[in-house]
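*Asks:* Dropping a prediction and its sequence here:
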Amino acid sequence: MLIKKLSQETINLISAGEVIEGPSDILKELLENSVDAKATEITVEIKSSGLDLIKIKDDGTGILKEDLEVCLEKYTTSKLEKIDDLYTIDSFGFRGEALSTIAAVSKFKIVSSTTNDGKGYVLENNNISQVSSNKGTTITVQDLFYNVPVRKKFLKSKSFEYSKVYEVFLANALLNPNITFKFISEKKNVIFPKTDFENRLVQIYGVEIKTKTINLDINTELFKVKGILTNPQNPVYFPSNFLFINKRFVFSPQIYKAIIDSYKDYLMIQQKPFFILFIELDPRTIDVNVHPKKRVVKLQNEMLFLLEFKRELSKKLDASLGKFAPALEHNSLKDFISSKNSDYSSFQKPTQSSYSSNNYSSNKEVPFFRSDLQKPLYENNNISSISDNLTLFEHNITKILGQIKNTFIICETDKGMILIDQHAADERINLEKNRLKYADYVEKQNLISEISLDFISESHKEILANNIEIFKKTGFEYYLKNDIYFLKTIPLFLNKYFDKNLFLNLLKDIEEGNNEVFKLKDSLLKLRSCKESIKANDYLSSHEQIEIIKKLNLCKDKGICAHGRPTIIFLSLKDLEILFKRIV
């Protein structure tokens, strides 16, 4: 086999394949160039999800004629001169690959001017000529992959490509609120006038973003973080999260996981946190040159960063709920609950919080401890309201002492004490009841007023288009009209409980590969069970407390709620003596 030197045209096409996978990659590169050119207004126009046209116009500094002559050559850049600049670069594009690779796979034109005299130059088909132009640059990309049609086969649906293009547009609008951004397409036209970050959020997400998120501001020796995150007391779902490191829109599975792990005690298992975060690190500790598209970055001391980041994030989430930690040395309560000495160690380890969005939202003052009577609600040596002794996990309950903050039921047993989370317990009771009641099939309910799904993303529209039968078997029927899906039916068991977030969570399940009808139905039953259950801060009469204990004891999986959180905690007399250091 002879070794041959590739032609320059082939080399350019291979390089384009590394940098340009789809329209969103082109938009990213060109938007970053406009921002680097100090533009104050940027207009994006696309057709056919960017396959037929991507046009970007800015009022930045423009490109000199002599620079136009070389800008399409590989590795030409105005942003670095020596190798050390790679580690302190603070602009976006810098490798000199973007324009040459885009031009290699499209019909490409640049019009640019550096002055206000109305004169500029156009570069098209490797020819430069003078034209009338305002100061700034307009780049037109047409017929993407016209010369490499095989590449089009690897593109996803137009809806998906459109959603990725719009995501890149939003990322730049969020990162640069001081710039006016315009977006023009067949599906939507939007204008975001220049403003500050807080008002840019309102421009994009609406005023509800203020109550649905909490602000984050962390400043340590290692890093700084600013931005917004889901409010645990009032969670919201948006299709895309945005992570910026040193002003670059990046993807980091490790940081995403750290955020999700930090929320595991605050959101239901189906719910995912929404966030827009800006992380600042010493440029010398981050390598943005490890990926052709600079979408992935490499951090020095990544483990140290993640540990400190999770610690600070957990503090913020705890503070947002007004949580307090008992003053126990060395977290002894937490330690012994998971130890061999505790009966709780035999239960399934909790994986998520099941509290719904309003479980802790009440502003009503609740006494820390409440009992209906001066004496205990129930004593087993004076049973008048029930016929049998009260037991739970084979523990004989001798007294029900009342509620703590109208949230936890506290009981005395013959061997210690039991704390019962009333919401988690009632959720388990309702889940097992619902599983029996709706075991055989899903009955559908026709909607008198069809529900518009205009709030879903383009990628979720693709899920609806590709999973019609799965949704039908789960109880949902819908149709498409003017690029908007409308629900015609929902499962009858969701009659009083269906809402926007519930459907978005279902879409998220399918997006993550959970597309078995049985599992999706069970996921919906869990959500229903949560919504219909007693909540934290709900007052319970003595009879209601007794009924919860009796029904919970009849459950098959009485130790955990629908989402894996514990329903009870048992502390033996010995555990209490150890906590108070009466014994060692």
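*Replies:* Everything's here; your move. Numbers count the residues shown, from 1 in each chain.
*Asks:* middle-most residue in this protein, spatially?
*Replies:* Centroid-nearest residue in the chain, with C-alpha atoms, centre = their mean: Phe274, separated by 3.7 Å.
*Asks:* residue contacts, it?
*Replies:* Lys212, Thr213, Leu229, Thr230, Pro235, Val236, Tyr237, Phe238, Asn241 (C-beta atoms under 8 Å, 6 or more residues apart in numbering). (Each C-beta comes from the backbone N, C-alpha and C, glycine too.)
*Asks:* Among these, name the ones in helices.
*Replies:* Lys212 (DSSP state H).
*Asks:* Looking at the contacts of Phe274, which are in strands?
*Replies:* Assigned to strands by DSSP state E, the following of the contacts of Phe274 qualify: Thr213, Leu229, Thr230.
*Asks:* top of those by neighbour count?
*Replies:* The most crowded member of the ones in strands among the contacts of Phe274, judged by other C-beta atoms under 10 Å, is Thr230 (26 neighbours).
*Asks:* Distance-wise, check that one relative to Glu432.
*Replies:* Going from Thr230 to Glu432 by C-beta to C-beta, to the nearest Å gives 30 Å.
*Asks:* Below-threshold pLDDT in the stretch 251-400 of the chain: ranges please.
*Replies:* Residues of the stretch 251-400 of the chain meeting the criterion pLDDT under 70: 265, 268-270, 288-296, 321-388.
*Asks:* Okay, and the beta partners of the residue lying closest to Phe408 once chain neighbours are set aside?
*Replies:* Once flanking residues are discounted, Phe408 sits nearest to Leu419: 5.3 Å by C-beta to C-beta, 6 or more residues apart in numbering. Beta bridges link Leu419 to Ile410, Ile569, judged by DSSP bridges.
*Asks:* who touches Lys57 in this structure?
*Replies:* Ile42, Thr43, Glu45, Gly136, Thr137, Thr138.
*Asks:* Next, the last one: secondary structure please.
*Replies:* Here Thr138 takes the strand state, with states given by DSSP: H, G, I helix; E, B strand; the rest coil.
*Asks:* ok, now how distant is it from Ser24?
*Replies:* Distance, Thr138 to Ser24, by C-beta to C-beta: 20 Å.
*Asks:* which one of these two has more residues nearby?
*Replies:* Applying other C-beta under 10 Å to Thr138 and Ser24 shows that Ser24 carries more neighbours, namely 24 against 18.
*Asks:* mean confidence score for the one helix or strand the more buried one maps to?
*Replies:* Assigning secondary structure by DSSP states H and E places Ser24 in helix 23-36. Averaging pLDDT along helix 23-36 gives 93.
*Asks:* How about the helix or strand just after it, which residues are buried there?
*Replies:* Toward the C-terminus, helix 23-36 is succeeded by strand 41-47 as the next helix or strand (DSSP H and E). Using 16 or more other C-beta atoms under 10 Å as the test for burial, strand 41-47 gives Glu41, Ile42, Thr43, Val44, Glu45, Ile46.
*Asks:* May I have the helix or strand following strand 41-47 as PDB, with CA atoms only?
*Replies:* As assigned by DSSP H and E, the chain's next helix or strand after strand 41-47 is strand 53-58. Provided in PDB are the C-alpha atoms of strand 53-58 (Å, rounded to 0.1, in the frame of the first residue of the first chain):
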ATOM      1  CA  LEU A  53     -29.000  29.500   6.000                       C
ATOM      2  CA  ILE A  54     -27.100  30.800   9.000                       C
ATOM      3  CA  LYS A  55     -26.600  34.500   8.900                       C
ATOM      4  CA  ILE A  56     -24.900  36.600  11.600                       C
ATOM      5  CA  LYS A  57     -24.700  40.300  11.600                       C
ATOM      6  CA  ASP A  58     -22.900  42.400  14.200                       C
END
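*Asks:* mind listing what strand 53-58 pairs with, with the direction of each?
*Replies:* Strand 53-58 pairs in its sheet with strand 41-47 (antiparallel), strand 136-142 (antiparallel), by DSSP bridges.
*Asks:* mind checking which of those strands is nearest Pro253?
*Replies:* Shortest distance between Pro253 and the strands paired with strand 53-58, using C-beta to C-beta, is found for strand 41-47: 28.3 Å.
*Asks:* Over to Lys500: give its phi and psi.
*Replies:* Main-chain torsions, Lys500, degrees, to the nearest 10: phi -60, psi -50.
*Asks:* need the contact list for Ser523.
*Replies:* Going by C-beta under 8 Å, 6+ apart, Ser523 touches Gln270, Asn505, Leu506, Asp509, Asn514.
*Asks:* do the same with Val111
*Replies:* Per C-beta under 8 Å, 6+ apart, neighbours of Val111: Gly120, Tyr121, Val122, Leu123, Val131, Ser133, Thr137, Thr138, Ile139, Thr140.
*Asks:* Can you measure across stretch 236-245, start residue to end residue?
*Replies:* Counting by C-alpha to C-alpha, to the nearest Å, you get 24 Å between the two ends of stretch 236-245.
*Asks:* How about stretch 459-473?
*Replies:* In stretch 459-473, first residue to last residue: 21 Å (C-alpha to C-alpha).
*Asks:* Next secondary structure after the strand or helix carrying Tyr478?
*Replies:* Assigned by DSSP H and E, Tyr478 belongs to strand 477-481. Once the chain leaves strand 477-481, the next helix or strand it forms, by DSSP H and E, is strand 484-491.
*Asks:* My reading is that Lys461 is in a helix; is that accurate?
*Replies:* Yes. Lys461 sits within a helix when classified using three-state DSSP.
*Asks:* Find the residue closest to it in space, skipping its chain neighbours.
*Replies:* Excluding its sequence neighbours, the residue lying closest to Lys461 (C-beta to C-beta, 6+ apart) is Ser159, at 5.1 Å.
*Asks:* by contact count, what packs against the helix or strand hosting the one you found?
*Replies:* Per DSSP H and E: Ser159 is located in helix 158-175. Helix 158-175 is packed against helix 23-36, strand 41-47, strand 180-184, helix 197-205, strand 242-245, strand 248-249, helix 458-466, with contacts defined by 3 or more C-beta pairs under 8 Å, 6 or more residues apart in numbering; DSSP states H and E.
*Asks:* one step back: nearest to Ile549, of the ones in strands among the contacts of Phe274?
*Replies:* Using C-beta to C-beta, those come closest to Ile549 at Thr230, 33.6 Å.
*Asks:* now that closest one: how far from Glu198?
*Replies:* Thr230 sits 17 Å away from Glu198, going by C-beta to C-beta.
*Asks:* now swap in Glu516 and tell me
*Replies:* The gap separating Glu516 from Glu198 is 42 Å, by C-beta to C-beta.
*Asks:* got it, and Asn189?
*Replies:* Separation of Asn189 from Glu198 (C-beta to C-beta): 24 Å.
*Asks:* Could you do Lys210 as well?
*Replies:* In terms of C-beta to C-beta, Lys210 sits 8 Å off from Glu198.
*Asks:* again, but for Ile397
*Replies:* 52 Å.
*Asks:* of those two, who's got more company?
*Replies:* Ile397 (21 against 12).
*Asks:* Please report phi then psi for the nearest residue to the more buried one once chain neighbours are set aside.
*Replies:* Using C-beta to C-beta, 6+ apart and skipping residues adjacent in sequence, the residue nearest Ile397 is Leu390, 4.3 Å away. Backbone torsions of Leu390, given as degrees, to the nearest 10, read phi -90, psi 120.
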